[in-house]
Structure formats: structure tokens, C-alpha cells
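J.: Structure, please.
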Amino acid sequence: MQIAFFEDDGWVELLPFTRLRPIWAIWWGTSTLAEKWSAYYGWHATGQLPAQKKLWRLFPPIFPEGDTVWVNARLLPLSAEFNRWLHDLGPDRLYVTSTGEAVALRTRRLPCKDPEKPQTFGQPFPTAEVPSDLPLMWLRTPTQLFTETEAILLADWQALQAPSATPPPTAQVLGRDNLYLHPSARIGLAFLDATTGPLWIGPGVEIQHGAIIYGPGAIGPHTTIMAKANIRTHNSFGPWCKIGGEVAVSTFLGYSNKSHDGFLGHSVIGAWCNIGAGSNTSNLKNTYGPVRLYHPASGELRPTGLQFCGLLMGDYARCGIQTPFTTGCVVDIFANIVGQSFTPKYVPPFYWAEGAVWQLAQALETARRMKARRGQTLSEAEAEVLTLLYHELTPIPKAESSA
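T.: Numbers count the residues shown, from 1 in each chain. Take a look at the predicted model:
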């Protein structure tokens, strides 16, 4: 059966990682969230409807013909009961929770009378409430992208069907039954410990001499683990990253570099980011108290309930050498951080210096240079989206500095 994805207004809660992508395009574990539905349950993803109209330039609405189940992109495919329930859905009815959250819709016609108004998803179909005991696992906050990584990695591992290549004699491996190694991956004199959980090493990965890597973890296609890196447990690295130093319980969405020494823990790093040499995150307050995070949509500091929380860095952000990130720091897209004092709790989008923002032309040219290093180009569509975001999000709000 074919599946399609829609978004509700919950994308706002996942900022800054949803400024340039819909939720289903987030890379987590061994694939994007959309690809997991096919890997886990055999669904064929054919349609999409982003909530943000500006993103239609990059992810145009697609309304497939025929029998289609539309699923809220914030729902994680981690329940066999939910999968069975979707298969048995009646047609042309929008299923919602008791609090009104849209869950799924099965239809043979367009789910939206006016595709110019994606917020009306599901109209004019009548609604029905989902069973109260149906296990729904939602992606509600960006911190779940590191707190729930183990569940995602285990689900990816259970769905894995390809056999592992044999590790080269240069690699010291513990827990070999928990290791998946793609045949095209290259491993130097490195130590891999999969006794603590499954370790997935994707196509084109390079692991350099002296690296130590612990499972559970996933190293995405063409990512490089630098020499002497200490990659601790519960990490998810997307494609084309460069990872060095010490990293623990962190997720990289792809195409980002942390090539040098320095500690990164309990963090999420967007795409096309660069973390300067010797930079460190604080992921634990000196008081050992719970961490609050800045909420970009509301401008509030909100409790996370977490004792460990490091850095949330949006796409195209970067920092200079030896940057110290305060506990629970949110860095928005295209922020540029230079200096050796602790960052505020929030660094606004397109930040250049206190009271200043990037020039748009300079920001776009920098993005082109970054992509050229990966053999890619900045598409006209993405340049248009970045331009819209630049005019929407600047001038910058006052940065919050309270801990």
C-alpha cells in the first residue's frame, strides 16, 4: 500500500530543524524518517504535503492517485499495532486524537480541496477519534532527536536485511554480531565496540587510524570519522559528515563538520554546519539541575525536564575555534559565532555579531562555497527559500542570555 506524509502545526515545535526541511526529511539513524516506513513496514512513500508553503519550492506537494494512507509526519513508525491499524483504516475519514491532533487519513481523492491552504488538511472529510489504547509515538521536541536515538537505532537494526561485510584485519572488533559494515566502507587501525548496542557503518564511510567507536550508533553514507576520534554511544551521523574529537549521544542531520578535538554531547547538529577546532558543549549545569531551552517560535525559555542537554544547531550555522557553548544552547540557521566567551542561550538566525546580521548575498555565496566542497550546488529553489527566510527572520530578536 502507498503512504503519503502531511504536517500539522507541530513543525513549529521542532525549530530550528524544520526551517529548511519537512519533518519526514530528517535523517535519523540509518535513513530519513520517510524511508523508515518502507524499511519497517513495506509502505511505498508516494505523496507529500509540507505545512510551510515556502518549502513547496524544495518539496512540492504530491497527491498520489489511488488508495493512499496519509500519515502525520510527526508520528514515528515504532509500533506494529499502529501499522496494523493503518492497514485497516476506513476511507475518506480524518482520524484524530482526543485532543484534536490529526493522525491519519485514507483517501482515493485529494485530501485538501485547496492545495494553497495546507493548514486545511483533511477537510472536508468527517473526523473520527482514534482508539484510546492505540500506541502513538510522536516526535514533539527537537531534544528527542538525541534522547530517543536508541529506539530508532534498534528499530533500524531489526529491519536490516543486508549481510555485513567482513571487517578488515586492521580493525579490532568486539561484538561482531552487532556490527553492520557496508562493503565499500574503509576502516584503518580502529577499535569498534558493538557489545553495548548495534553499530551500523554505511556505504563509503571512512574510519581513520586510532578512532574508537561504540554502539549503539549509526555512521551515514560517506561520513568520515577522523583519526583518534572518541565516538561514544548513542550517536547518529547522517551522510557526508566529518566527525572528530569526542562525541556522545548526538545526532548530525548530514553534510556537517566537527573535524577537530573538542566535546559535543547530547546535541543535534543540522546540515551544512561547521564546528571550529577546540569547541566544546556544556551538556550539564554546574547545579545538576534541569535544563531550559529557548523556543524560537514563542521567544520563551521552556523546561525540558532533562539533566543533560547540549547544543541544538540549525542548518548552515558555524562557530569559530574554541567556542564554548552554554548548557542548552539553541543556535538558529546561518548563525555565525566568533569569540571565546560562553554563548547566550539563543543565537538568532543569520546572526553575524551583536546587533548585526549577514548580508544576504554573502550568506548565499558562503552556502555555495560550502556545497561546492561536497560536489553540490546551491539550487535556485533553495536560494529562494533562504531569501524568504532572511527577510522573514531579520532584523534579529534580542538574544536571550539567562541560564
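
J.: pLDDT value on residue 92, please?
T.: At residue 92 the predicted local distance difference test score is 86.

J.: Give me the phi and psi angles of it.
T.: With angles defined as degrees, to the nearest 10, residue 92 sits at phi 60, psi 50.

J.: Please report the distance of it from residue 1.
T.: Here residue 92 is placed at a distance of 16 Å from residue 1 (Cβ to Cβ, to the nearest Å). For the C-beta atoms, the positions are set from N, CA and C on the backbone; glycine is no exception.

J.: Please name the nearest non-neighbouring residue to residue 244.
T.: The shortest distance from residue 244 to any residue other than its chain neighbours is 3.3 Å, reached at residue 226 (Cβ to Cβ, 6 or more residues apart in numbering).

J.: For the stretch 1-150 of the chain, which segments count as strands?
T.: Listed in chain order, the strands of the stretch 1-150 of the chain (DSSP state E, counting those that start in this stretch) span 2-6, 27-28, 31-32, 44-49, 68-72, 93-96, 102-107, 127-129.

J.: what does the stretch 301-403 of the chain give?
T.: Going by DSSP E, counting those that start in this stretch, the stretch 301-403 of the chain shows strands at 311-313, 318-319, 324-325, 329-331, 336-337, 346-347, 351-353, 356-357.

J.: Format the ones you listed as a markdown table; extra columns: distance to residue 106 and mean pLDDT.
T.: Below are the strands of the stretch 301-403 of the chain laid out as a markdown table (distance: least, Cβ to Cβ, whole Å; pLDDT from 0 to 100):
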| stretch | distance to residue 106 | mean pLDDT |
| --- | --- | --- |
| strand 311-313 | 35 | 98 |
| strand 318-319 | 44 | 96 |
| strand 324-325 | 45 | 96 |
| strand 329-331 | 37 | 97 |
| strand 336-337 | 46 | 94 |
| strand 346-347 | 41 | 96 |
| strand 351-353 | 44 | 90 |
| strand 356-357 | 46 | 90 |
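
J.: Among these, single out whichever gets nearest to residue 71.
T.: In this view, these are compared for proximity to residue 71 by Cβ to Cβ, and strand 311-313 is the closest at 25.5 Å.

J.: Give me the helices and strands touching that closest one, please.
T.: In this structure, strand 311-313 makes packing contacts with strand 263-269, strand 329-331, judged by 3 or more Cβ pairs under 8 Å, 6 or more residues apart in numbering; DSSP states H and E.

J.: Please report the number of neighbouring residues for residue 80.
T.: Residues contacting residue 80 under the criterion other Cβ atoms under 10 Å number 11.

J.: er, residue 124 actually
T.: When neighbours are defined as other Cβ under 10 Å, residue 124 has 9 of them.

J.: same thing with residue 159?
T.: Counted by other Cβ under 10 Å, the residues lying close to residue 159 total 16.
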